[in-house]
Each structure stands twice: as C-alpha cells, then as structure tokens.
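Visitor: pasting the structure only:
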C-alpha cells in the first residue's frame with residue numbers, strides 16, 4: 001500500500017513537471033524593450049499627424065479650439081476608415097498601446113465590432129455589439145466623473 005502511494009506521488013510530480021514544461025513552451029515571450037519602442041514610435045507618429053493637422057487648421061484661419069475639434073474629427077475618421085480596410089488592426093498589433101491609447105484606438109474599438117457583426121443585422125448586430133469594447137470605458141468614465149463631481153460639490157466649494 002505504501003509503495004502505491006509513493007508511486008502515485010511520483011506520477012503526480014511528473015504530471016506537474018510535464019505541465020510546467022508545456023506551459024513554458026506555449027507561453028509567448030514578450031520583448032519588453034521592443035514593445036515599448038514600437039508603442040512609442042506608433043503613438044508618436046499618431047501624435048505627429050495630430051500636430052500637423054492642428055497646425056494646418058490654424059494656418060487655415062481656425063481658432064485653436066475649432067482646429068482641435070477638426071483634428072479629433074479627422075483622426076477618428078482616419079481610424080475608422082483604416083479599421084474598415086483592416087489596416088488599423090495591423091497597426092495596433094504592431095504598435096500595441098501606442099495605437100490603442102490615443103483617440104484613434106477608441107474609434108477603432110467602436111468601429112471594429114460594428115464591422116464584425118454587421119452580418120447579423122442593424123439592430124442585433126451593429127446596435128447590440130458596437131459598444132462591446134468601448135462600452136465599459138464610457139460607463140466607468142461617466143461614473144467616475146459623476147463620483148468626482150459629488151466629491152467636488154462636498155469638499156471643493158471652499159477651494
């Protein structure tokens with residue numbers, strides 16, 4: 001009986017060891033430095049395009065506020081257009097957070113589900129699925145601003 005227990009423990013340890021080897025083999029290796037460089041480069045290019053658009057709008061005679069609105073609008077439009085042609089997901093895969101954090105990434109997160117689920121119809125496809133990724137961001141953004149507004153009303157009047 002004791003011999004069977006020892007064999008069972010050895011078998012369990014072998015299974016654990018084999019599983020650890022399997023997990024290590026299947027787990028993707030990430031090069032942190034390379035990923036950071038790609039994100040920095042991608043985000044920098046997007047921001048450079050944004051600055052170019054801001055300067056262009058100002059040179060066209062727009063105020064800074066109106067130029068900023070046009071810049072955001074154009075960047076969102078370009079992001080949705082590139083998402084529609086399946087180019088932006090490739091940029092996001094290569095650039096990581098550099099492509100997903102700016103406003104272009106938010107536009108991509110709204111447009112991608114709409115494109116993916118359009119075959120299910122206007123209501124059940126696009127209408128139900130369009131905010132699957134962006135919805136939590138909007139929800140918690142509004143909730144956080146509401147909580148901060150309450151905190152400001154209670155504590156910030158004297159400031």
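Guide: The structure has been received and is ready for your questions. Just so it is clear, the model here is predicted, and its values are computed rather than measured. Residues are numbered from 1 along each chain as shown.

Visitor: tally of neighbours for the nearest residue to residue 138 once chain neighbours are set aside?
Guide: Closest residue to residue 138 in three dimensions, ignoring its sequence neighbours and counting by CB to CB, 6 or more residues apart in numbering: residue 131, at 6.9 Å. C-beta coordinates here come from the backbone N, C-alpha and C atoms, glycine included. By other CB atoms under 10 Å, the residues close to residue 131 number 16.

Visitor: which ones are touching residue 131?
Guide: By CB atoms under 8 Å, 6 or more residues apart in numbering, residue 131 lies in contact with 110, 113, 138.

Visitor: of these, buried ones?
Guide: For the contacts of residue 131, a burial check counting by 16 or more other CB atoms under 10 Å picks out 110, 113.

Visitor: what residue is smack in the middle of the chain?
Guide: The centroid of the chain falls nearest to residue 100 when counting by CA atoms, centre = their mean (4.0 Å).

Visitor: surely that one meets residue 94?
Guide: No: using CB atoms under 8 Å, residue 100 is not in contact with residue 94; the gap is 11.4 Å.

Visitor: distance from the lowest-mean-pLDDT helix or strand in the chain to the middle of the chain?
Guide: In the chain, no helix or strand scores lower on mean pLDDT, DSSP states H and E than helix 128-129, which sits at a mean of 71. Helix 128-129 has its C-alpha centroid displaced from the chain centroid by 18 Å (CA atoms, centre = their mean, to the nearest Å).

Visitor: and stretch 43-60, by the same measure?
Guide: 22 Å.

Visitor: buried ones in that stretch?
Guide: For stretch 43-60, by 16+ other CB under 10 Å, it's 43, 46, 49-50, 53-54, 57.

Visitor: what of stretch 31-39?
Guide: By neighbour count on 16+ other CB under 10 Å, the buried set for stretch 31-39 is 38-39.

Visitor: so how far is that stretch off the chain centroid?
Guide: The mean C-alpha position of stretch 31-39 is separated from the chain mean by 16 Å, CA atoms, centre = their mean.

Visitor: packing partners of the helix ranked longest in the chain?
Guide: As assigned by DSSP state H, the longest helix anywhere in the chain is helix 32-59. With contacts taken as 3 or more CB pairs under 8 Å, 6 or more residues apart in numbering; DSSP states H and E, helix 32-59 sits against helix 64-84, helix 88-95, helix 97-100.
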